[in-house]
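> sequence and predicted structure, then a few things I'm wondering about:
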Amino acid sequence: SIASAFSSFAKMPTQKREKLNVVTVVKYALDIFTEDYITYSPGEKEILAELDKTQLIRIVTNLVKNAKQALEGVADKKIEVAVYEDVPNVYILISDNGKGIKEEDKARVFEPKFTTKSSGMGLGLPMVKNIVEAYGGTITFTSQIEKGTVFKIILPKK
């Protein structure tokens, strides 16, 4: 399974760009999570962009799953997902109030095979970064120990 995970990471599927409502697709991606501490704040009812639906769902689910894992042991768990646009881009922010990313790990979070978890192969964030950059977008984050992390994705709408 490790070999096939790395193989599928190496050959990301080609983008099937279609005009979609980012607000609806992100909501759909969040529907698999049942935790009541996950909130969603779309800036508008509709934000149209030409993106691959499957890849957009993968970005959101991966970052939310990581945020959930960062909340282990936190009493008042919070994950906030926000989507807004500032033409010509769409922004997706995923914030948590988890344990944060250590200073010495910050430079490595997007490296394949790097993980701080006992399970997992360290492919999630590198895959998300590959998808985002394939669109000419950017992914950045800010993090404070014991305060939380915010991932910010900027994707061109076309």
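That came through, no problem. Numbering: from 1, shown residues only.
> tell me the SS of residue 140?
Of the three states, residue 140 takes strand under DSSP: H, G, I helix; E, B strand; the rest coil.
> the residue lying closest to residue 62 once chain neighbours are set aside: how many residues sit nearby?
Of all residues not flanking residue 62 in the chain, residue 124 sits nearest, at 4.6 Å (C-beta to C-beta, 6 or more residues apart in numbering). Glycine gets a C-beta too; all of them are placed from N, C-alpha and C. Neighbour count for residue 124, taken as other C-beta atoms under 10 Å: 21.
> repeat that for residue 62.
Residue 62 has 19 neighbouring residues, counting by other C-beta under 10 Å.
> so what's it up against?
Residues near residue 62 by C-beta atoms under 8 Å, 6 or more residues apart in numbering: 124-125, 127-128.
> do the same with residue 148
Here residue 148 is in contact with 70, 78, 95-98, 100 (criterion: C-beta under 8 Å, 6+ apart).
> of all those, which comes closest to residue 140?
Nearest to residue 140 among these is residue 95, at 12.9 Å by C-beta to C-beta.
> for the helix or strand harbouring that closest one, give the mean pLDDT please.
Counting by DSSP states H and E, the element that carries residue 95 is strand 89-96. Model confidence over strand 89-96 averages 98 on the pLDDT scale.
> who touches that strand?
Taking C-beta under 8 Å, 6+ apart as the rule, strand 89-96 contacts 22, 26, 47, 49, 59-60, 63-64, 67-68, 70-71, 77-85, 137, 148-157.
> can you tell me the closest non-neighbouring residue to the residue sitting nearest the centre point of the chain?
The structure's the chain has its C-alpha centroid closest to residue 63; by C-alpha atoms, centre = their mean the separation is 3.3 Å. With sequence-adjacent residues excluded and distances taken as C-beta to C-beta, 6+ apart, residue 63 is closest to residue 94, at 4.4 Å.
> now do the strands in the chain.
Under the criterion DSSP state E, the chain contains strands at 18-21, 38-42, 48-51, 79-86, 89-96, 138-144, 148-156.
> relative to the longest one, what are the paired strands and their orientations?
Read it as strand 148-156. Sheet pairing of strand 148-156 (DSSP bridges) gives strand 89-96 (antiparallel), strand 138-144 (antiparallel).
> any idea which of the ones you listed is most buried?
Mean neighbours per residue, mean count of other C-beta atoms under 10 Å, is largest over the strands paired with strand 148-156 for strand 89-96, with a mean of 21.
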